[in-house]
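Undergrad: give me a model of this one.
(one chain, ligands or ions: 1)
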Amino acid sequence: MTSKKRVLSGMRPTGRLHLGHLVGALNNWVKLQQEYQCFYMIADWHALMSEYEDPKGMAENSIEMAMDFIAAGIDPDKSVLFVQSHVPEHLELAMVFSDITPLGWVERCPTYKEQLREIKGRDLTTYGFLGYPILQAADIALYKANAVPVGVDQLPHLELTREIVRRFNALYGKAIFPEPEPLLTKTPKLAGLDNRKMSKSYGNFIALSDKPHEIEKKVSQMITDPARIKLKDKGHPEVCNVFSYYAIFAEPHLLDNVRDWCEGAKLGCTECKKSLAKILVGYLEPMRQKRANISEEDVRDILKEGAKKASRAAAETMAQVRSLIHFVQIS
Ligand code: TRP
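TA: Down below sits the predicted model:
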């Protein structure tokens, strides 16, 4: 493999990927392929931590996720695209990290406390879920990743990763693991179609695999400026969710027109949303075409190849780790 710096990132296959994932992460992942040796992972072990009561969708979600990655521009010839559970070393390294991580570090993790508080309807007070960031640290360290593209919500996990690898390096007297840097995406957060946080559980998103008529229907139901009831009422783009979508997906010169339609009461919200739907359908069109050209069979082959490449890197790291922790070797 090349001497480029390494990137690793992952997503949990808990549902369909949506526009928020695309502008918040995937587009950036695609760009990073030019500069880094990238490892992109479908984090099924992490998904199981929250979906263990009903994991039925996991296999299908994993395949669909890989398809979305590829359709978005992750190139399996440049990057290693794989499923976490296909490389068992993730769990081995997580075990080592579990042994060296003080309980307080994981108990105090802000995302842990927040999720226990916020996520209703499932029991997350499990041993495995407490170890979520430890497994994530292992994901990153296993490939000696220098950088990790993540959203701000993941920063505590990255900080913990840095602390864990620092502790490992210090304990065993050899700095085999780099301290990974976060690569934050600058794109503003995309709100859900109903103005709430875009989320699988609210069903308020446009999936990357949605068909044009589905996109049109969803956009037509978007909430606009509540003060603009009649066509003649002047609107306020700055409070309109539809406008915030234009701001991200429309060509800049069009944005002034849209502002004028709204503030000048020149075009009704229904028409404005139709025009947005057209833009979004066009934006996702290249992905739709790519998707149509990949079969599930192709995806499985790509994941098989990815698992092989990832395993090679993972085995190298684990050999070093085993030697540093003085486990007996028999060959
Ligand atoms: N925790 C990440 C998320 O929920 C997913 C993830 C698992 C990850 N392992 C990772 C992200 C390693 C970056 C690096 O989005």
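
Undergrad: and the closest residue to L124 other than its chain neighbours, how far from P156?
TA: Nearest non-adjacent residue to L124, counting by Cβ to Cβ, 6 or more residues apart in numbering: L116, 5.7 Å away. Bear in mind the C-beta positions are built from the backbone N, C-alpha and C, glycine included. With distances taken as Cβ to Cβ, to the nearest Å, L116 is found 14 Å from P156.

Undergrad: what does V7 give?
TA: Taking Cβ to Cβ, one finds V7 at 19 Å from P156.

Undergrad: tell me which of those two has more neighbours.
TA: V7 (25 against 16; other Cβ atoms under 10 Å).

Undergrad: mean confidence score for the helix or strand hosting Y112?
TA: In this assignment (DSSP states H and E), Y112 forms part of helix 110-118. Averaged over helix 110-118, pLDDT sits at 89.

Undergrad: in CSV, could you pull the C-alpha coordinates for that helix?
TA: Backbone C-alpha positions of helix 110-118 (Å, rounded to 0.1, in the frame of the first residue of the first chain) are rendered in CSV as follows:
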residue,chain,number,x,y,z
PRO,A,110,-20.8,13.0,27.0
THR,A,111,-22.3,11.0,24.1
TYR,A,112,-22.9,8.0,26.3
LYS,A,113,-24.7,10.0,29.0
GLU,A,114,-26.7,11.9,26.3
GLN,A,115,-27.8,8.8,24.5
LEU,A,116,-28.9,7.0,27.6
ARG,A,117,-31.0,10.1,28.4
GLU,A,118,-32.3,10.8,24.9
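
Undergrad: give the next helix or strand downstream of that helix.
TA: helix 127-130.

Undergrad: other SSEs contacting that next one?
TA: Under the contact criterion of 3 or more Cβ pairs under 8 Å, 6 or more residues apart in numbering; DSSP states H and E, helix 127-130 touches helix 44-51, helix 110-118.

Undergrad: what's downstream of that helix, the next helix or strand?
TA: Downstream of helix 127-130, the next assigned helix or strand under DSSP H and E is helix 132-142.

Undergrad: run through who's touching the host helix or strand of L276.
TA: Secondary structure assignment for L276, by DSSP H and E: helix 269-292. Contacts with helix 269-292, where a contact means Cβ atoms under 8 Å, 6 or more residues apart in numbering, come from 19, 67-68, 70-72, 206, 208-210, 212, 215-216, 219-220, 222, 224-225, 228, 235, 242, 245-246, 249-250, 258, 261-262.

Undergrad: so how far is R322 from the closest residue to the ligand within the stretch 201-331 of the chain?
TA: Closest to the ligand within the stretch 201-331 of the chain is A310: 12.7 Å, counting by Cβ to the nearest ligand atom. According to Cβ to Cβ, A310 stands 18 Å off from R322.

Undergrad: which one of the two has more residues nearby?
TA: A310 (26 against 14).

Undergrad: can you list the low-confidence ranges for the protein?
TA: Counting by pLDDT under 70, the ranges of the chain that qualify are 1-2, 187-188.

Undergrad: figure out how far the longest helix anywhere in it is from the centre of its chain.
TA: For the chain, the helix with the greatest residue count under DSSP state H is helix 296-324. Remark: helix 296-324 is offset 20 Å from the chain centroid, using Cα atoms, centre = their mean, to the nearest Å.

Undergrad: stretch 235-254 too?
TA: 24 Å.

Undergrad: end-to-end on that stretch?
TA: Using Cα to Cα, to the nearest Å, the end-to-end distance of stretch 235-254 comes to 17 Å.

Undergrad: give the buried residues for that stretch.
TA: Within stretch 235-254, the residues scored as buried using 16 or more other Cβ atoms under 10 Å are 235, 237, 240-246, 249-250.

Undergrad: report the two of these separated the most.
TA: The distance between the two most remote of those (Cβ to Cβ) is 18.7 Å, for G235 and F249.

Undergrad: now do the same contact list for W105.
TA: Contacts of W105 (Cβ under 8 Å, 6+ apart): 160, 163-164.

Undergrad: for those residues, which one is nearest S201?
TA: L160 (25.6 Å).

Undergrad: what separates the helix holding Y112 from the chain centre, distance-wise?
TA: 19 Å.
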